[in-house]
Structures are given as C-alpha cells and as structure tokens.
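> Below: sequence and its predicted model.
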Amino acid sequence: MDGGLASAPQFANGIGSTTHDPATSLSQRVPDPATETKQDDPSPQQELPSTDTTQTTADILQVLQKLQAQQSQSVTPPIPQATSFAPQPEPQPTPTPPKEEPPQPVAAPEEPVSEWDALLKSLRENPHDIEGWNKLVRLAEDSGDLEKIKEAYESLLKMYPNTWSAQIAYLNHFLVPGHFKFAEDHLFTRFLRTSPAVELWKFYLTYIRRINVDPSTRDIVRKAYEFALNHVGQDKDSGEIWSDYIQFLRSGETNSTWEEQQKMDALRKVYHRAVQIPLENVETLWSELETFENNLNRITAKKFMNDLSPSYMQARTVLRQLQRHLGPLFPPPPPSTPSRPYLYLPPKPTFNAAERALVGSWKSYLRWEESNPLEIEEQDRNTFITRVQGVYRKAVIRMRFFGEIWYMAYVWTNSIGKADEAMNLLKAGIEANPMSFLLNFAYAEALELQGNLEEVHKVFERFLEALRRDLDAQEARIASTGSSTATEPSTSQTTEPIPANASFTTQTDEPKLPQNKELSEKRKEYGLAWTVYMRFARRAEGLKSARAVFAQARRDKWTPWEVYESAAIAEYHLTKDIRTPARIFEKALESFSDEVDLAAHYLGFLLSINDENNARALFERVIGTFPADRARPLWERWARHEYQYGDLAAAQKLEKRMADVYPNDPPIKRFAQRHTYHSTDAIAARDLGVAIVRQSSGTSSSSSTNSIGRTDTQTSFPPIASTPQPTLTPTAPTAPHKRAPSPEHKRRESDSHGPAQYKRARASSPTGRDRERWEGGHGGRRRYNSPGWDRERPERDAPPARRGTREQDEEKSVSVPSVISWFVGTLPRPDSFDGPVFRTDDLMQVFRGAVIPSATGRSRSPPPLPRGGAGGRPPPDYGPYQGPGGGRRRY
C-alpha cells in the first residue's frame with residue numbers, strides 16, 4: 001500500500017495539470033495495472049513517458065467529464081471532496097425533498113357476492129344439501145332470469161337426474177310462446193328417454209294435446225298415447241292415462257260403418273289391455289268394459305268377459321299386495337306452498353334404523369316383482385320385462401345413493417340378456433356413488449370379462465382418487481378439530497413446563513398421520529382397493545403388472561400395511577421365492593414400526609414357511625418395541641409355536657418370561673394352553689367343570705367361548721356357576737321397624753359351600769291386620785266375600801304358613817340352575833324398591849264387586865258390603881308408605 005500511495009503525486013505531477021480538480025481526485029483512484037503488480041515493492045516507481053501519459057490521461061478526462069455532465073443534470077449535484085487519506089467522518093445524508101409519485105388508480109370496491117352465487121358455490125362443495133337446492137331454485141325463480149333458472153335446474157338435475165318434480169318445474173318455464181322449440185328438442189327429448197315417472201308422461205301428453213287440436217292431428221295424439229303407455233302403462237298410477245286414452249278414442253268422429261267398427265275394435269283392444277294390469281282404477285275400467293261389451297252384443301260380451309275374468313281377478317289380487325308393498329316406500333313429502341311444490345331429493349345415506357328398514361322394504365318389493373306375481377305368460381315376456389325395468393328405474397331414482405339397489409338392477413338386467421343396459425346401470429351408479437366398493441368392483445370385473453383391460457385401469461384409478469380425496473378431507477376435518485380443541489387448555493391434564501431447548505428438534509422428521517378410528521377404518525378400506533387392483537393386474541396381465549401397481553401403492557401416503565402383506569404373500573405363492581416377500585415385509589416394518597398386527601402377521605408368515613431361525617430373530621427384535629398390553633398377540637403366537645414344535649425346556653422358559661410380563665395371568669392358564677389342540681380343551685371341560693356348566697346351562701360346546709384361550713381376563717377360569725361376584729357396598733342402617741333375619745337363616749348362609757346362591761330377600765311375617773286378611777277375626781282361613789269355590793278349597797291351597805314352616809319347605813326344594821341363580825343375583829336388592837305397595841286383595845275385591853252386564857241384558861247388583869264387627873273386613877290402610885317390609889305385607 002505504501003508504494004501505491006507514493007506513486008499518486010508523481011502520477012499527478014507528470015501530467016502537469018492543475019493542483020486540485022474533482023476529475024484529478026477521481027483519476028488518482030483509478031487503479032493502474034503496473035502499480036497493481038508492484039504494489040508490494042517499496043522502491044520508487046519510474047515515470048511514465050509523457051506522450052503515453054498525456055494520451056491516457058486525456059481519455060480518462062474525457063470519460064470523467066461526461067460522467068460529471070450526467071451527474072450535474074441530476075436533482076442533487078455531487079459535493080466535491082478534498083483528496084485526503086486521513087480518516088474522514090462519514091458524510092451526513094442530505095435531506096432530499098420527497099418525490100411526487102404519480103397518483104395510483106383507486107381500486108373499485110368489489111361487488112358483494114349475491115346470495116344466489118354464494119349458495120351455488122356452496123352446493124358445488126356440498127352437493128347433498130337438499131334444503132340448499134330447494135332454496136337455490138326458489139331464488140332463481142324469484143329473480144325471473146331464465147338463464148339463472150336454467151343454470152339452477154341443470155345443476156340440480158346433474159346431481160339428481162330423473163327427478164320428475166324438478167323436470168316438470170323446469171319445463172313449465174319454457175312452455176311459453178317463443179320457447180317451445182327448446183322445450184321439445186332439448187328438455188322433453190332428454191327427460192322422457194329414461195324417465196319412469198307417470199306424472200312426467202301425463203305432463204307430456206297434456207302438452208301434445210294442447211298443441212295438436214286440429215282433427216287432422218289426431219293420429220299424432222294417438223301415437224303419443226301409445227308411446228306413453230308402452231313406457232309406463234304397467235305402473236299402477238297410470239290408470240288416468242288409460243282412462244284419458246279411452247275417452248280420446250271414444251270422442252273420435254266416424255263417417256262410415258267401417259270406421260265405426262274400427263273405432264269399437266280399438267276401444268276393445270285398449271280395454272282388454274288395461275283390465276289385466278293392477279291399476280288403481282282397474283275395477284272402474286272393468287265395469288266400463290262390461291257395459292261397453294253389453295251395448296255391442298250380449299252374446300259376445302259374455303264370452304269376452306269370461307275369458308278376461310281370471311286375468312282381471314289376478315290383477316285385483318296383485319293390486320292389494322302391491323299397495324302393501326308400496327306403502328312404506330313412498331312416505332308423504334313435506335308440506336309445500338301451492339305456488340312452488342317442494343322438490344323431493346333422495347338424501348345421503350346414514351344407514352340408521354329407518355334407512356335400513358327402507359332398503360329392506362325396497363329389496364323385498366323388487367324380489368316380489370321379479371317373481372312375476374301377475375303370472376305373465378312366456379309369450380308376453382316383453383310385457384314382464386318392461387314392468388320390472390320400470391320398477392328398477394323408479395328404485396334407483398328414489399334410492400340413488402344406495403349401491404345395493406343399483407347392483408340388484410344390474411344383476412337382473414344382465415340376467416335377461418341386456419348386457420349393454422346392465423353396464424350403463426353400473427356406470428350411472430358409479431356416477432352417483434363414486435366411492436362405492438360394490439359398484440366399482442362389479443364394473444371392473446364386467447369390463448375384465450369383456451377384455452377391456454385399459455378401461456379397468458381407469459376405473460381403479462378414478463376409484464382410488466375418489467377415496468384419496470375423501471381421506472384428505474377427513475384428515476383436514478380431524479386437524480381442524482384438533483387445532484380448535486388444542487387452543488382450549490384441558491383441566492384434566494397437568495401441564496408440564498417446556499424446557500428451553502425443546503424446540504423443533506424434538507419432533508420427528510416425518511409427521512405421522514393423525515390417529516382416528518374412522519380414519520383408520522377408511523385407510524384399511526383404501527388398502528383393500530389397492531389389493532383388489534393388484535389382483536386384477538396379476539391375473540389379467542401377469543406378475544410384472546402387479547408389481548407395477550404395488551410400486552404405485554408404495555408411493556401413496558395413505559397405503560396401509562395390509563397392502564404390503566398382500567403383495568408379499570402373492571409373491572411367495574406365485575414365485576416360491578422367500579427373499580422377495582421377506583424384503584417386502586421388512587420394508588413394511590420400516591414404514592409401520594408401530595403396528596403390532598403387522599409384526600404378528602410377519603411372524604406367522606415366517607412360521608408358515610418353516611423359517612424358524614428368522615422367525616425367532618424377528619420375535620426377539622420386535623417384542624421389546626411394544627408395550628405389554630399391545631404385545632400379547634406376539635407372545636401368544638410364538639407360544640403356540642413353542643408348545644407344538646419346541647421342547648419342554650424352551651416352553652417353560654418362555655412361560656417364565658411371559659409371567660414376568662403378565663404377572664396377573666394364573667399359571668394354570670399357560671399349562672392348559674400347552675395341552676390344547678385347536679378348540680379341544682379337556683382340562684377346562686373335565687377337570688374344571690366347564691362341560692358340566694355347559695350342559696346345565698343348555699349351551700353347546702361349539703357356541704361357548706373357551707375361557708382358556710381368552711387373553712384379556714385377569715383369571716383364566718370363571719366360577720362354575722358363571723355368576724359375577726357382586727361388590728359388597730355398605731348399606732344404610734336398617735330401619736327400626738324392619739325385622740332382623742332369623743338365626744336359622746344366618747346359619748344356613750354360613751354353612752353353605754361353594755359360591756353363594758343369591759336369593760331375593762323375603763318380607764317379614766304378616767302382623768296385625770295383614771294377618772287377619774288370611775286368618776280372619778275368628779281364626780278362619782277364608783277371605784271375606786269370597787266365592788263358594790274359595791270357601792271350600794283344600795288346606796293345601798291356603799296362604800303360606802309361618803316363617804319357620806316356609807323355611808323347612810325351602811330346605812327340601814331342588815337346587816336352582818346356575819343360569820337362574822345368576823339372573824336372580826343380578827336383580828336389585830329388595831330394600832332398593834321405593835315405589836307404592838299394591839294390595840292384591842283390594843284389587844280382587846273391586847273386581848268381585850264390579851257390575852258386569854249379563855247376556856240377558858239385566859244387570860246384577862253388587863254383593864253387599866260386609867258389616868263391621870269382629871268378623872268384618874278392616875278398612876284399607878292409606879297411611880304413609882313405610883318402605884318394603886315396613887309392617888305390611890305385599891301380595
């Protein structure tokens with residue numbers, strides 16, 4: 001640096017310029033290559049030649065003057081500083097006036113989202129909101145905008161196609177002059193093609209008759225009626241269409257006898273078709289037909305009516321059965337305003353009791369229709385097919401979100417040879433239920449049978465994507481619920497101070513998925529879809545394709561461990577290779593190290609292929625990673641293997657380890673388990689009396705569970721009587737008016753062996769007036785005002801004797817079965833009853849004194865009341881209730 005600083009004045013003197021100039025000051029700061037290279041050399045530098053120096057300096061000055069001119073044009077000119085290498089104070093910034101920025105355009109305030117737009121957006125996110133759809137239609141109709149009305153109904157019918165009430169309401173807005181073309185070409189053509197709704201066809205026929213009023217267009221109306229009856233003529237509600245068609249044919253004018261005869265033949269043909277269908281007005285149509293035939297010819301009328309009578313009677317019988325079937329299927333709709341009827345839309349299933357009953361009713365009705373209750377002959381098979389097809393169409397519209405109904409429709413349609421229509425039913429069902437396992441699997445198998453493998457792959461991809469979206473939504477709901485609950489401190493848990501160094505380093509690198517029962521179940525179902533996909537790929541395209549599908553599943557975060565297991569088992573059975581399945585299981589253990597079921601299945605697989613060394617190594621490796629309450633399946637599985645194929649020393653050593661882990665398990669449990677095979681447990685059945693208990697309780701050995709095999713109990717064997725031991729709780733002190741149990745009763749309880757036989761406590765002996773009810777004032781044993789048979793009944797039918805006699809009789813009674821003993825033991829104690837005491841004698845007295853009309857119409861007067869005295873009946877006691885056994889006896 002010293003050489004560099006010394007060369008600066010020499011460089012300036014060689015130029016011969018002025019003493020100080022801003023340009024000179026800046027020029028001294030320009031580095032020179034020669035100076036840079038000899039910067040560390042302390043010797044004086046040589047002077048540059050004057051010509052080169054002058055030329056170089058002139059060029060530099062030119063450039064600097066240009067820079068100075070450009071800087072002078074700026075708002076704040078630069079302040080020249082003296083050339084000095086002494087430390088200078090930092091220059092203070094000169095305040096500059098603020099620049100005037102051009103005014104920014106003010107953004108127009110956003111228009112508030114209308115209620116209709118907000119509701120439409122909400123329905124796209126939650127399309128099962130029935131009330132929301134009704135509100136959307138109401139808002140669109142109130143606005144009067146046809147485009148909004150069209151968008152509202154199109155969106156609704158996309159979610160709920162073939163909803164006839166919405167279709168009719170939609171058509172009403174376009175059946176006005178100027179919009180008939182749109183209604184005919186777009187709406188009627190689209191709606192009538194697949195609609196089984198009689199109401200929509202009535203609406204269509206009304207429109208046809210409205211625009212075809214000229215007599216020359218009667219044939220168009222006739223064809224429209226025939227078209228409608230071919231589609232919905234078998235429906236029981238189509239009786240009005242049949243009646244209108246008959247009236248339309250009657251109103252036709254004729255100009256000749258031949259035309260009149262043609263008219264009568266057409267009417268007879270329609271009548272004969274209608275009276276064989278279980279219509280609501282079939283009896284009216286039969287009466288009209290009888291009148292019609294008698295007016296034409298009484299002789300031929302009798303023949304026609306006799307031929308049609310069996311079919312008519314069958315239709316009447318089926319109609320009554322049909323009404324019973326359809327009663328619970330179509331509940332009444334909610335109330336609606338006259339101007340705008342309520343649109344019934346099928347709700348999203350929750351599978352509660354009412355919905356399960358509704359599904360069962362539909363299934364019963366559909367099977368009944370398939371059984372051909374009308375007994376339609378084979379020659380009229382098309383009529384039968386049309387009838388059942390219409391029923392199934394109504395079923396899938398009404399029960400749109402129940403996959404079972406769609407599957408029944410597919411199976412029946414496929415059974416009659418209409419494979420294309422059956423496939424269309426499955427496609428429509430999947431559109432309504434994209435996450436239906438039943439419909440997606442059925443559709444994939446149908447496509448596989450057709451050989452359309454590429455489409456099968458697309459079906460599984462769409463199905464897995466739908467399930468994945470549902471899992472993501474479920475995870476988001478759980479996360480939002482967890483975050484909302486996490487903000488509220490729980491008072492049930494103690495909060496520990498967080499150490500200062502407990503930051504994000506204490507968290508795992510890969511966050512685990514939230515633990516939720518519903519989410520876990522859905523994840524297992526998601527894995528089932530992957531497993532079925534791999535099965536299809538293996539059987540249709542080979543093992544290589546199945547491996548490719550498994551590779552896709554491994555990259556999915558929602559794939560459960562069951563997919564790994566299924567892939568490993570398939571690899572072993574198809575290739576007989578042990579290494580590849582083991583690698584798959586090991587990879588699964590890396591990803592699902594906290595799944596004890598995976599470890600148990602892996603252990604079972606190794607034992608099934610007789611790889612005992614690796615199985616033992618796996619058991620020792622994973623058994624310590626699970627707590628005792630979760631590791632029991634592993635202990636049980638390895639113990640079964642040791643008991644069957646190991647030596648006695650190894651089995652006893654294992655039992656010792658298990659006793660340390662599960663100290664509450666009795667030793668006899670392990671000993672008995674060591675000597676069982678499958679479900680045969682002779683120790684429990686014979687030595688511990690379980691078989692005798694089964695015989696006494698009436699249960700078979702196959703239906704009862706083995707107490708030895710249960711691992712979730714504290715003891716291995718329950719008491720023989722199978723009666724739960726009730727916990728003795730301190731009771732309140734006995735009331736002074738209650739009588740203490742006799743010494744004999746206490747002695748009998750203390751001398752009993754085995755489990756105590758719990759019996760209901762008996763009330764104390766009757767005292768005072770209560771004894772007089774049985775014994776009477778003079779020591780008699782008949783009741784007052786009792787009938788003759790009561791007075792003469794033998795002594796054995798008398799009321800119970802004193803307590804001592806009763807107890808002696810009880811001692812002679814047979815033993816109570818264990819089931820009855822257990823039931824009696826579960827009943828509440830007698831002193832827990834705090835209700836009213838009913839007196840049977842008083843009630844019987846009321847019945848005896850009741851006035852009952854006789855068959856002859858004359859009433860009998862009640863018997864006279866007993867008079868007072870020593871032998872008279874005491875008046876009833878209506879004093880306060882004193883508890884059970886409180887001095888009064890209950891009967």
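On my side now, so go ahead. Values in this document were obtained by computation on a predicted structure and should not be read as measured data. Numbering: from 1, shown residues only.
> for Arg193, what are its contacts?
Shown in contact with Arg193 (CB atoms under 8 Å, 6 or more residues apart in numbering): no residues. (C-beta placed from N, C-alpha, C; glycine too.)
> what's the pLDDT at it?
At Arg193 the predicted local confidence, pLDDT, stands at 87.
> Distance-wise, check it relative to Ala354.
Arg193 sits 33 Å away from Ala354 when distances are taken as CB to CB, to the nearest Å.
> Equivalent analysis for Gln845, please.
If you go by CB to CB, the gap between Gln845 and Ala354 works out to 48 Å.
> Neighbour count for those two, which is higher?
Of the pair Gln845 and Ala354, Gln845 is the one with more neighbours under other CB atoms under 10 Å, namely 19 against 10.
> Now do the same for that one: helix, strand or coil?
When classified by DSSP: H, G, I helix; E, B strand; the rest coil, Gln845 comes out as helix.
> Distance check, it against Arg839.
The gap separating Gln845 from Arg839 is 9 Å, by CB to CB.
> And for Pro666?
53 Å.
> Tell me which of those two has more neighbours.
With neighbours defined as other CB under 10 Å, Pro666 and Arg839 compare such that Arg839 has more, 17 against 14.
> And the more buried one, how far from Phe847?
13 Å.
> just Ser165 next, same as before
Computed with CB to CB, the distance linking Ser165 and Phe847 is 59 Å.
> which one of the two has more residues nearby?
Regarding Ser165 and Phe847, a neighbour count based on other CB under 10 Å identifies Ser165 as having more, with 18 against 8.
> That one: what secondary structure?
When states are read from three-state DSSP, the local structure at Ser165 comes out as helix.
> Please read off the pLDDT at it from the model.
So, for Ser165, pLDDT stands at 90.
> For it, which non-adjacent residue is closest in space?
Once flanking residues are discounted, Ser165 sits nearest to Leu343: 5.2 Å by CB to CB, 6 or more residues apart in numbering.
> phi, psi of the one you found?
For Leu343, the backbone dihedrals are phi -90, psi 110 (criterion: degrees, to the nearest 10).
> dump the residue contacts of it.
Contact partners of Leu343, counting by CB under 8 Å, 6+ apart, are 133-134, 137, 156, 163, 165-166, 169.
> try 6 Å this time
With contacts defined as CB atoms under 6 Å, 6 or more residues apart in numbering, the neighbours of Leu343 are 134, 165-166.
> roughly how far apart are it and Glu378?
Computed with CB to CB, the distance linking Leu343 and Glu378 is 42 Å.
> Could you do Leu285 as well?
Leu285 is 26 Å from Glu378, by CB to CB.
> nearest residue to Ser143 other than its sequence neighbours?
Excluding the flanking residues, the one nearest Ser143 by CB to CB, 6+ apart is Trp116, at 7.1 Å.
> now Leu200
In space, and not counting its chain neighbours, Leu200 is closest to Trp164: 4.5 Å by CB to CB, 6+ apart.
> That neighbour: neighbouring residues, count only.
In terms of burial, Trp164 registers 21 neighbours under the definition other CB under 10 Å.
> do the same with Leu322
By other CB under 10 Å, 19 other residues sit near Leu322.
> In what element of secondary structure is it found?
helix 298-326 (DSSP states H and E).
> Can you name the element that comes right after that helix?
Once helix 298-326 ends, the next helix or strand along the chain (criterion: DSSP H and E) is helix 353-370.
> After that following helix, heading C-terminal, what element do we hit next?
Heading C-terminal from helix 353-370, the first helix or strand you meet, by DSSP H and E, is helix 381-398.
> Show me what that following helix is packed against.
helix 353-370, helix 403-415 (3 or more CB pairs under 6 Å, 6 or more residues apart in numbering; DSSP states H and E).
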